[in-house]
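Undergrad: Just to be clear, the model below is a prediction. Sequence and coordinates:
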Amino acid sequence: MTPFNTLLEVVKHCDKFPYTIDPQSTEEQHHATPVYLGRHKIGNILPHVLPALTEYNNKTEPAPFVINKDSITFASWVTTAELRTTVMKQLMDTWRANKTFKVLAGWRNELYPVYGDSEQEGNIAFVMERAATPLFGISTFGVHINAFTRDENGHILMWVARRAKTKQTWPGLLDNCVAGGISYSYSVKDTMIKECDEEASIPAALASKAHSVDVISYYTYTDGGLQPETQYIYDLELPKDFTPTPCDGEVGCFYLWPLEKVKETILKNEWKPNCALVAINFMMRHSFITPDDEPDYIHISYRLHRRLEFPTVRKGHSS
């Protein structure tokens, strides 16, 4: 893992989808085809995904999509959230069965909501398998919890997770104490409490004391596809005598580190990229990183709060 020279480099390593599209670039991120639902852009499809979608669409009767040079939409007969959900399920089931894309090997049987239908409760346009969302560049949402305590001098010590080596994504890297995606029908707070229990054995009575403090957003990509993401951030000060304990096998172990160690390991590139951003945000909010000692302070803040162009939840993340 190549180390970073600055924290701004850390942020750019995650928030790396181009801000300005260059049609002359050879990188495929500059040549994504937008997916629309009515007037809303709900995703982007990279050039390497488009041939498989076109082939599927041509073989399916009636065709579920309208694929043009500059846009992709659902066909005119796909008029409801239920039909969109069915269309996406049939497509992804086919691709998974045919092993069309490696990212689908990480199938989770976990549904994520896709937003953009104001006629539906919560603005939900349809739901789809979590592992498949990068193939359509769907904007997803999650919750990250910074768990911490204080030493006898009042200095913050952060609980840091080491991802299990058996994890399908980013195995063995450092992570926030608790984090998880917001599945269909779960609220933000319900997700936070559920993940605290599942990943760190933090009981609901203690997890419910967490404070909602911020939201960060960024637009990244991996070999699996495009990932515009928004993370709700919570801070949870744990009692000094409480130790998080791995529960569901996703975490190998937990460390209790001073913020100096947290920053050091971030610059050494030992963290899952988006989780490093959550930790940087924590250190800024708790004045460990300040405008006077961090020359890129403003630019880091901008990049932690990227304005994404996709529809968002309305009236909560519930069905």
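TA: Happy to help now that I have it. Numbers count the residues shown, from 1 in each chain.

Undergrad: pLDDT below threshold where in the chain?
TA: Counting by pLDDT under 70, the ranges of the chain that qualify are 315-319.

Undergrad: Spatially nearest residue to the residue positioned nearest the centre of it (excluding sequence neighbours)?
TA: Geometric centre of the chain, nearest residue: residue 229, 4.2 Å, by Cα atoms, centre = their mean. Spatially, and ignoring its direct neighbours in sequence, residue 229 is nearest to residue 140 (5.4 Å; Cβ to Cβ, 6 or more residues apart in numbering). Every C-beta, even on glycine, is put in place using the N, C-alpha and C of the backbone.

Undergrad: Next: residue 244.
TA: Closest residue in space to residue 244, ignoring its immediate chain neighbours: residue 200 at 3.8 Å, by Cβ to Cβ, 6+ apart.

Undergrad: Now do the contacts for the one you found.
TA: Taking Cβ atoms under 8 Å, 6 or more residues apart in numbering, we find residue 200 in contact with 147, 159, 161, 177-178, 244-247, 251, 254.

Undergrad: which one of the residues you listed is nearest residue 211?
TA: residue 147 (11.7 Å; Cβ to Cβ).

Undergrad: Just after the one helix or strand that closest one maps to, pick out the following helix or strand.
TA: Secondary structure from DSSP states H and E places residue 147 in strand 140-150. Per DSSP H and E, strand 140-150 leads on to strand 156-163 as the next helix or strand towards the C-terminus.

Undergrad: So which other helices or strands are in contact with that following strand?
TA: If you count contacts as 3 or more Cβ pairs under 8 Å, 6 or more residues apart in numbering; DSSP states H and E, strand 156-163 packs onto strand 140-150, strand 174-176, helix 188-200, strand 251-258, helix 259-267, helix 273-285.

Undergrad: Longest helix of this protein, counting residues only.
TA: Secondary structure of the chain per DSSP state H: the longest helix is helix 81-98.

Undergrad: Pull the residues that contact that one.
TA: Against helix 81-98 from outside (Cβ under 8 Å, 6+ apart): 37, 52-53, 56, 60, 64-65, 74, 77-78, 100-101, 104, 107, 117, 120, 124-129, 132, 135.

Undergrad: Sitting in strands, which of those do you find?
TA: Those of the contacts of helix 81-98 mapping onto strands are 37, 65, 74, 124-129, per DSSP state E.

Undergrad: Next, give me the two most distant ones among those residues.
TA: 65 and 124, at 19.5 Å, using Cβ to Cβ across the ones in strands among the contacts of helix 81-98.

Undergrad: The two - which one has more neighbours?
TA: Comparing residue 65 with residue 124 by neighbour count (other Cβ atoms under 10 Å), the higher total belongs to residue 124, at 26 against 18.

Undergrad: which non-adjacent residue is nearest the more buried one?
TA: residue 113 (4.7 Å).

Undergrad: for residue 166, same thing?
TA: For residue 166, ignoring the flanking residues on the chain, the nearest one in space by Cβ to Cβ, 6+ apart is residue 249 at 7.0 Å.

Undergrad: Isn't the one you found up against residue 164?
TA: Yes. When contacts are counted by Cβ atoms under 8 Å, residue 249 is listed as touching residue 164 (6.0 Å).

Undergrad: More neighbours: which of the two?
TA: It is residue 164, of residue 249 and residue 164, that has more neighbours when counted by other Cβ under 10 Å, with 17 against 11.

Undergrad: so the more buried one touches residue 175, yeah?
TA: No. With contact defined as Cβ under 8 Å, residue 164 does not count as touching residue 175 (9.9 Å).

Undergrad: Quick check: neighbours shared by those two?
TA: residue 251.

Undergrad: just to revisit the earlier point, host element of the residue nearest to residue 166?
TA: Applying DSSP H and E, one finds residue 249 in no helix or strand.

Undergrad: how close does it sit to residue 207?
TA: 19 Å (Cβ to Cβ, to the nearest Å).

Undergrad: picking up where we left off before, can you select the buried ones from the contacts of helix 81-98 in PyMOL?
TA: Buried residues within those, by 16 or more other Cβ atoms under 10 Å, are selected in PyMOL with:
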select buried, resi 37+52+53+56+64+65+74+78+100+101+104+117+120+124+125+126+127+128+129+132+135
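
Undergrad: which other residues reach stretch 283-300?
TA: Contacts for stretch 283-300 (Cβ under 8 Å, 6+ apart): 6-8, 11, 156, 213-214, 235, 259, 262-263, 280, 301.

Undergrad: rewinding a little: just put the ones in strands among the contacts of helix 81-98 in TSV and tack on distance to residue 290.
TA: Formatted as TSV, these follow (distance: Cβ to Cβ, whole Å):
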residue	distance to residue 290
37	43
65	50
74	49
124	41
125	42
126	44
127	42
128	42
129	42
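
Undergrad: related to what we said a few turns ago, for residue 225, which of the helices and strands packed on strand 156-163 is the nearest?
TA: Of these, nearest to residue 225 by Cβ to Cβ is strand 140-150, at 11.4 Å.

Undergrad: Does anything pack onto that closest one? Which helices or strands?
TA: Other helices and strands packing on strand 140-150, by 3+ Cβ pairs under 8 Å, 6+ apart, are strand 156-163, strand 174-176, strand 178-181, helix 188-200, strand 225-237, helix 273-285.
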